[in-house]
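Q: Sharing a model prediction with you, sequence too.
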Amino acid sequence: MRKTFAARPALSCALSGALPLLLCQALPALAQADGDTTLAVAPVPQVTATVPPAEAAAATSPWSANMTLTSQYVSRGFRQTWGKPAVQGGVDYSHPSGFSAGTWMSSISDKFIEGGTVEWDLYAGYTGSVGDFVYAGQVYYYLYPGAKLQYAQTKYNYGEAVASLTYKWFNVKYWLTYTPDYFGYNSASLLSGNDLHSRGSGYLDINGTFDLGHGVTLLLHYGQERVRNFAAYSFRDVRVALSKAFEGGWTVTGAYTRGWGRTDVYDKYTTGALDSSGNPSVSNPLKSTFLVSLTKTF
């Protein structure tokens, strides 16, 4: 995921989203601009704590990798590839003690993030359990190489810390921005206030995962972002997804996503990138979306 505006000659623009966004109201002039995580937000590495019996030929490797081809990348309700396909992949290391680290990348669209072509996530953390409860804490940092909100000279890079608690099928996470700005949101980029920043913004992430049998899993998700000091750019999102796992580490997923935010903020979103007719490409990145993805794990 994941940004805003204020008055200035001939335009009212801002960043926003489940990733940094440039948003413009329906005014004569459009300007360039600066996520959801989700970021989906990059996958949280899972810890393998069970060691095979001594007679087993080899212990489970702490390393894993994944590759995904998806009809589009949607994080926290935001269409980060502007309705186009994305290629994604990551590598994770999970130690039996519970500590883990990894990296994940996805293609993105410059129509969503100005000057951006790639999202690169770095993360590390710890996972443990008490009875049926699984708890985890991770630190994430999101990089967008070459991307910048030009008129404010603001980069999209930002960091979040996340606390997670799982009980059987139910999971709740809270993502907290620890860097000065969330997706580049500040007074200069959002043209609002006096030297304000968005450190302390938070995303409530609630998920239900249900095993339907025969390798089929149902995911129900609700998320709510609170943007500190810039409440007009807060938003909500939902996701319903069905996944089918196959032998050999293959998984097929179909999902419906939808986000909600103030229409005067999100309905006229643009980074200034041009469409096929040579005009600034304008859209609402939170609109309803269906997507299909194919993932291979190694």
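A: Nice, thanks for sending it over.

Q: now the helices: where do they sit in the stretch 51-200 of the chain?
A: Secondary structure of the stretch 51-200 of the chain (DSSP state H, counting those that start in this stretch): helices at 187-190.

Q: for stretch 289-298, which positions count as buried?
A: Buried positions in stretch 289-298, judged by neighbour count with 16 or more other CB atoms under 10 Å: 289, 291, 293, 295. (Each C-beta comes from the backbone N, C-alpha and C, glycine too.)

Q: Just put these in TSV and tack on pLDDT.
A: Below are the buried residues of stretch 289-298 laid out as TSV (pLDDT from 0 to 100):
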residue	pLDDT
T289	95
L291	97
S293	98
T295	98
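
Q: Could you export these to CSV, including columns for secondary structure and distance to A241?
A: Converted to CSV, the buried residues of stretch 289-298 look like this (DSSP: H, G, I helix; E, B strand; the rest coil; distance: CB to CB, whole Å):
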residue, secondary structure, distance to A241
T289, strand, 12
L291, strand, 9
S293, strand, 9
T295, strand, 12
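
Q: Helix or strand with the lowest mean pLDDT in this structure?
A: Taking mean pLDDT, DSSP states H and E as the measure, the helices and strands of the chain show their lowest mean at strand 7-8, namely a mean of 26.

Q: pLDDT score for F290?
A: Model confidence at F290, expressed as pLDDT, equals 97.

Q: Show me what the helix or strand hosting it packs onto, helices and strands only.
A: With secondary structure defined by DSSP states H and E, F290 is part of strand 289-297. Here strand 289-297 touches strand 63-70, strand 250-261, going by 3 or more CB pairs under 8 Å, 6 or more residues apart in numbering; DSSP states H and E.

Q: most neighbours per residue, which of those?
A: Across the helices and strands packed on strand 289-297, averaging neighbours per residue (mean count of other CB atoms under 10 Å) puts strand 250-261 on top, at a mean of 18.

Q: which residues are in contact with the strand holding F290?
A: Among residues not part of strand 289-297, those counted as contacts by CB atoms under 8 Å, 6 or more residues apart in numbering are 64-72, 74, 79, 83, 248-258.

Q: Run the chain-centre distance for it.
A: For strand 289-297, the gap between its own C-alpha mean and the chain's C-alpha mean amounts to 15 Å (CA atoms, centre = their mean, to the nearest Å).

Q: cool, and stretch 272-290?
A: That offset, for stretch 272-290, works out to 19 Å (CA atoms, centre = their mean).

Q: same thing with stretch 217-229?
A: 10 Å.

Q: next one: stretch 287-298
A: Chain-centre distance of stretch 287-298: 14 Å, with CA atoms, centre = their mean.

Q: ok, so what distance separates the spatially closest residue to G193 that is not a sequence neighbour from Y178?
A: Nearest-residue entry for G193: S187, 4.5 Å, with adjacent residues in sequence omitted and distances by CB to CB, 6 or more residues apart in numbering. Relative to Y178, S187 is positioned 19 Å away (CB to CB, to the nearest Å).
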